[in-house]
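> Below are the sequence and a predicted model; questions follow.
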Amino acid sequence: MNSVNTPSSIRVLDERSDQVWTKGSGKEFVCDKKSAAGSVTQRACAFCGSRVVLYPIADALHIVHGPIGCAVYNWDIRGSLSSGSQLNRNSFSTDLAEKEVIFGGEKKLKASLLELINFYQPKAAFVYSTCIVGLIGDDVGAVCKQVTKETGIDCIPVDSPGFKGTKKSGYQAACEAAYKLVGTGDTNGISKYSINLLGEFNIAGEAWMIRKYYEKIGIQVVSTITGDGRVDDLRRCHGAKLNLVQCSGSMTHLSKLLKDDYGIPMERVSFFGFEDTARAIYAAAEHFGDPELMRRAEELVRDEISKYAPKLKEYKKRLKGKKAALYVGGAFKAFSLVLALRSLGMQTVLAGTQTGSAEDYEQLKEICDPGTVIVDDSNPLELAKFVLEKDVDLFIGGVKERPIAFKLGVAFCDHNHERKIPLAGFEGMVHFAEEVANSACSPIWKYAPRRQAKALRLPEPEPTAPLACEGGAA
Amino acid sequence: MSMCKGNPDTLTTTGEHAEGPLPASATRNACKLCTPLGAAMVFKGIKGCLPFLHGSQGCATYIRRYMISHFREPVDIASSSFSEDDAIFGGARNFAQGVDNVIRQYEPEVIGVATTCLSETIGDNMLGMIKTYQDKHSGDGPPLVHVSTPAYTGTHSDGYYSAIRELLKAFVKPTRITQSRMVNILPAMMSCADLRHLREICALYELDATILPDYSSTLEGGSWDSYHKISPGGTAVEDIAEMATAIATLEIGHTQAVDKKSAGHWLETEHKVRCDSLGWPIGIRLSDQLFAAMATIADRPMPAQLADERGRLIDAYVDAHKYVSGKRAAIFGEPDMVVGLAAFMSEIGIRPVICATGAKVKNWKELLASEIEGGTADVEILSDSDHAKLAAAARELKPDIILGSSKGYPLAREMKIPLVRIGFPIHDRIGAQRMLSVGYRGTLELFDRVANALLEGRQDDSETGYSYL
């Protein structure tokens, strides 16, 4: 009864039918909706959104105010690296028990903050509200004020009860919280050619690679707020002359605040793939309008590409013609991945995001090929359905998508924040190709039952080039 | 770039060793997970069951991610996806819509509903909602089982045992029949391999077992030729219904033995099925107890295969005793597993100098004292512990080895001692599902892992790098 043999036996829920779209169908597409109850969304909650965005601020204390669950599931699971302080890797929680749920948790929160601040000497503290705190009426703001007064350390409430919405509402709460520190530091010594990197999480050291690009061409990086972030950098980031915003979902709000209050312009960028990385470097150089910056930028891009392009070529030979599915958090990553896959000779046949906006999807629709299925806030069954229908060779996603691919004998590339391999920048693109090839061209797939069944049904595949996969696309 | 130079729980933001009184109010790096996770794991072990969390969608997503990272299998858990309005006005509408959608998409045979902090705090009446839903659909559709699991009471272990109890209460049918070859097994939170081994042992005693839950296939299945909406396997509801016909129940876990409301005791009180309370069968003594109980129930002597395994285990103890004897271990995790491991450690001459759990366990000291050979005067017994407290104790007592989940790695790294991974979650290694550690055969595997971890440590530290022992 539970087993399905054909993708058509998996139904898309009525409530969700307008969130599933095929390029060329002419149908209307809707997004930015609350997840349907019972749908098994891949999205998380507002708390999760806030926690992941502020997590990389390494010299701040992060304490989760609520029962234990919310804190424990994100203890040191992110791939975001710090060059110094490791305080953020701890999981601190007020771990509310029944009596605090009944009588209030303010006392415990205050004692926790005072003790932790005294012990760890953080530069600031973020206090995350969870569902329960939103309900029992703890005045987190008042506790934060008191502790700030007593310790001299800024304690900042993050208004992130899970029921407030998806990760996206959590991003907004995180931006509001981070913004409380902005404008409180000295901006002396900031160059006229200076940027902040927003929404770059320094997974496996990516922000360090990207920072080097800009420094090499003569642009100062004032703050990398969400990747190897520091409280003092955040305090003075309003002195930068341009904001480059990656992960469009998480940090757009902060960049808007910085634009409105300090007049700092913003550019949306991405560092996945040669094309987008080059574009991101040129964008900053062009913005400052100094021909010397542009000359150095061109030189850097030329050097990097000539160094890494030949390696990519080898991978392309092996990957050409394969079909990919991708399901990621934000839309900007999806655009870059479609382009990056195309540059490897692969076609994206299924693309989706947890929290893309209408504007994002317009762009995604444009760059995808006809016939591509686009899904918003999808669920495991839908993803499995389209993996089967589109006969996908590779899935790009996170931990929750991995078993869908693997169970069906489909290759997988982890592009989430837990990963340990840098995929950004020019060098990262080679890692990406290697990651994809290592999975997609593994000889193990020929033993997977679904691949075997497929091999029996289909005519022999075309003769493969010497470097092509053994059994990969069988 | 300078990277982590110690355990993050002791370093200030400038990388200095943090000083001053240890923070006591906050939980630092919890040594427990939340109650709904335990319930969800049990529901994953029921045939055709889809777990459903009544609360914010983050709860389901977090738990799914944790379970997937350990088991590496699809773990679909539905949520009623509370919004701000639902938190104010109640989640009845979302619950009904959620259940409708789960039925439409998954066609489940049963839906396991666990509550969350949120729905418990606003006082949603789960039983009422379930009744309303079922009345509206005139009883059609899959049965809904409900377990109350607010995370502010208890830990994932409590959620696990509660879900087992609620499943029994929901499905067991009264009967006058007793099937003499039928036995119930209520395992604790064991690995898939452990569950499979328990079934195999029953077969050797010619017993037919209902194991509740049994996620040995649902959370460790084969590669698929088509997609399964719900992973195949699990204990069938019809089999749960017949559990009152069993000749006895083997209930595993010291905490359950002393809990008069435990699932096994409930079956005994309500349905007159004898309950044999047993420890987590790791080591010779605790495994002997399990097999003795089996032998009595089955009225059979120990099968030759098991007697052989016992012999090999003792021989392995002898071969390697000198490498483990006199060593000191820190153990942490689910209470019942910790008791089992402590018994095993003391049995092979390793002092379990730290026994820690994140749960608040009544009589924790007595439970451990009943199983640790040589008394507990030298044992740091931590209940309601977190990893920071465990680490502080370890810095004092300097164990040679740690036994517990992946979450012990920062401490193992700091102290340059091995971590033998056991329990949940193991998400920095492959194969957590199939780590066997119960019975003679499981103990042997675990024993080899412990002995080899100690040998490897010594070899790595040696000046010469010898390759012969």
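Thanks, I have it. Numbering: from 1, shown residues only, chains lettered A, B, ... in the order given.

> rest of the way, CA atoms for contacts and neighbours
OK.

> Nearest residue to whichever residue of the stretch 101-250 of chain B sits closest to chain A in space, please, no chain neighbours.
The stretch 101-250 of chain B approaches chain A most closely through B:Asp225 (3.9 Å), counting by C-alpha to the nearest C-alpha. Of all residues not flanking B:Asp225 in the chain, A:Arg450 sits nearest, at 3.9 Å (C-alpha to C-alpha, 6 or more residues apart in numbering or on different chains).

> what about that neighbour, how many neighbours?
20 (other C-alpha atoms under 10 Å in any protein chain shown).

> what about the residue of the stretch 101-250 of chain B closest to chain A, neighbour count?
18.

> okay but it is in contact with A:Ala453, surely?
Yes: between B:Asp225 and A:Ala453 there is a contact at 7.3 Å, judged by C-alpha atoms under 8 Å.

> any shared contact partners between the two?
Shared contacts of B:Asp225 and A:Ala453 (C-alpha atoms under 8 Å, 6 or more residues apart in numbering or on different chains): none.

> Quick test: name the residue nearest the centre of chain B.
B:Met189 (2.2 Å; C-alpha atoms, centre = their mean).

> what sits against that residue?
B:Ser157, B:Tyr160.

> Mind pulling the model confidence for it?
pLDDT for B:Met189: 97.

> Kindly confirm my reading that A:His62 is in a strand.
Yes: the assignment for A:His62 is a strand, going by DSSP: H, G, I helix; E, B strand; the rest coil.

> Quick check: A:Gly263 vs A:Asp233, distance?
As for A:Gly263, its distance to A:Asp233 is 18 Å (criterion: C-alpha to C-alpha, to the nearest Å).

> The two: which has the busier surroundings?
A:Asp233 (21 against 14).

> Could you check how far the more buried one is from A:Ile195?
Taking C-alpha to C-alpha, one finds A:Asp233 at 12 Å from A:Ile195.

> Please apply the same query to B:Ile230.
Distance of B:Ile230 to A:Ile195, given as C-alpha to C-alpha: 49 Å.

> Which one of those two is surrounded by more residues?
Higher neighbour count among B:Ile230 and A:Ile195: A:Ile195, with 27 against 24, using other C-alpha under 10 Å.

> what's across from that one in the sheet?
Beta bridges link A:Ile195 to A:Val221, A:Leu242 when assigned by DSSP bridges.

> Over to B:Cys49?
With DSSP bridges as the rule, B:Cys49 is bridged to B:Val110.

> Pull the number of nearby residues for it.
Here the number of neighbours of B:Cys49 (other C-alpha under 10 Å) works out to 30.

> Now do it against B:Met126, distance only.
On the measure of C-alpha to C-alpha, B:Cys49 and B:Met126 end up 18 Å apart.

> Next, the buried residues of the longest helix anywhere in chain A.
When chain A is parsed with DSSP state H, its longest helix is helix A:291-319. Buried residues in helix A:291-319, counted by 16 or more other C-alpha atoms under 10 Å in any protein chain shown: A:293-294, A:296-298, A:300-301, A:304-305, A:308, A:312-313, A:315-319.

> Likewise for stretch B:77-89?
Per 16+ other C-alpha under 10 Å, stretch B:77-89 contains these buried residues: B:Ile77, B:Ala78, B:Ser79, B:Ser80, B:Ser81, B:Phe82, B:Ser83, B:Glu84, B:Asp86, B:Ala87.

> Narrow those to those in strands?
B:Ala78, B:Ser79 (DSSP state E).

> Put together a markdown table for the buried residues of stretch B:77-89, with distance to chain A and pLDDT on each row.
Written out in a markdown table, the entries for these read as follows (distance: C-alpha to the nearest C-alpha, whole Å; pLDDT from 0 to 100):
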| residue | distance to chain A | pLDDT |
| --- | --- | --- |
| B:Ile77 | 6 | 98 |
| B:Ala78 | 5 | 98 |
| B:Ser79 | 5 | 97 |
| B:Ser80 | 5 | 96 |
| B:Ser81 | 5 | 94 |
| B:Phe82 | 5 | 92 |
| B:Ser83 | 5 | 91 |
| B:Glu84 | 5 | 90 |
| B:Asp86 | 8 | 91 |
| B:Ala87 | 7 | 91 |
